[in-house]
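Participant: need a structure here:
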Amino acid sequence: MKTKICLLIAALAFVFACQANTANAQAVKKGMIKVTIVYPNGEGKTFDMNYYTTKHFPMLRRLFGDAIKATAIDKGVAGGAPGAPVPYLAIGYLYFDNVAAFQEGMKSHAAEIRADVPNYTNITPVIQISEVVE
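Facilitator: Next up is the predicted model:
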């Protein structure tokens, strides 16, 4: 009986995770703005993925509110060639309807966002703003 309950719970967790990913993917549309935050790898660089996913990104969603349409996080696992080091320890993505929505949020909350960075990394993030084309 315990095995069946555990399997049911695991199945439900999988379904909810898939639905969340699908909903997030459906929120991203051509013409939206994607803010990409990359954390380059290097000697002595550290990154706390647990903090980033459970504290920093929820803070970003709270601060930007309805202006943020979707988010995603990538964890670097390998470089392009076998045995090559990962070029980026992490990459974060924030999606907005337009650049102004992102910039307005940063005007109000940049200091708080930047102050949180040392809680999860010693890397200076690199930010790129792009337009979703597909």
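Participant: Residues in contact with stretch 78-91: which ones?
Facilitator: 36-41, 45, 47, 49, 52, 73-77, 121, 123 (C-beta atoms under 8 Å, 6 or more residues apart in numbering). To be clear about C-beta, it is placed using only N, CA and C from the backbone, and glycine gets the same treatment.
Participant: Just the buried residues of those residues.
Facilitator: Buried members of the contacts of stretch 78-91, scored by 16 or more other C-beta atoms under 10 Å, are 36-39, 41, 47, 52, 76, 121, 123.
Participant: So which of these is the closest to residue 134?
Facilitator: Using C-beta to C-beta, residue 36 is the member of the buried ones among the contacts of stretch 78-91 that sits closest to residue 134, with 15.4 Å.
Participant: From the chain's centroid, how far away is stretch 82-101?
Facilitator: Per C-alpha atoms, centre = their mean, to the nearest Å, the displacement of stretch 82-101 from the mean C-alpha position of its chain is 7 Å.
Participant: With stretch 47-54 instead?
Facilitator: Its chain's C-alpha centre and that of stretch 47-54 lie 10 Å apart, by C-alpha atoms, centre = their mean.
Participant: which other residues reach it?
Facilitator: 39, 73, 75, 89-90, 92, 119-121, 123.
Participant: how about the helices in the protein?
Facilitator: Along the chain, counting by DSSP state H, helices occupy 2-27, 49-51, 57-64, 99-116.
Participant: So which elements touch the last one?
Facilitator: Same thing as helix 99-116. Where contact means 3 or more C-beta pairs under 8 Å, 6 or more residues apart in numbering; DSSP states H and E, helix 99-116 is packed against strand 33-40, helix 57-64.
Participant: same check, this time on the third one
Facilitator: When contacts are defined as 3+ C-beta pairs under 8 Å, 6+ apart, helix 57-64 sits against strand 68-75, strand 88-96, helix 99-116.
Participant: correct me, but residue 134 touches residue 30?
Facilitator: Yes. Using C-beta atoms under 8 Å, residue 134 is in contact with residue 30, at 6.5 Å.
Participant: quick one: low-confidence parts of the chain?
Facilitator: Within the chain, the set of residues satisfying pLDDT under 70 comprises 1-26.
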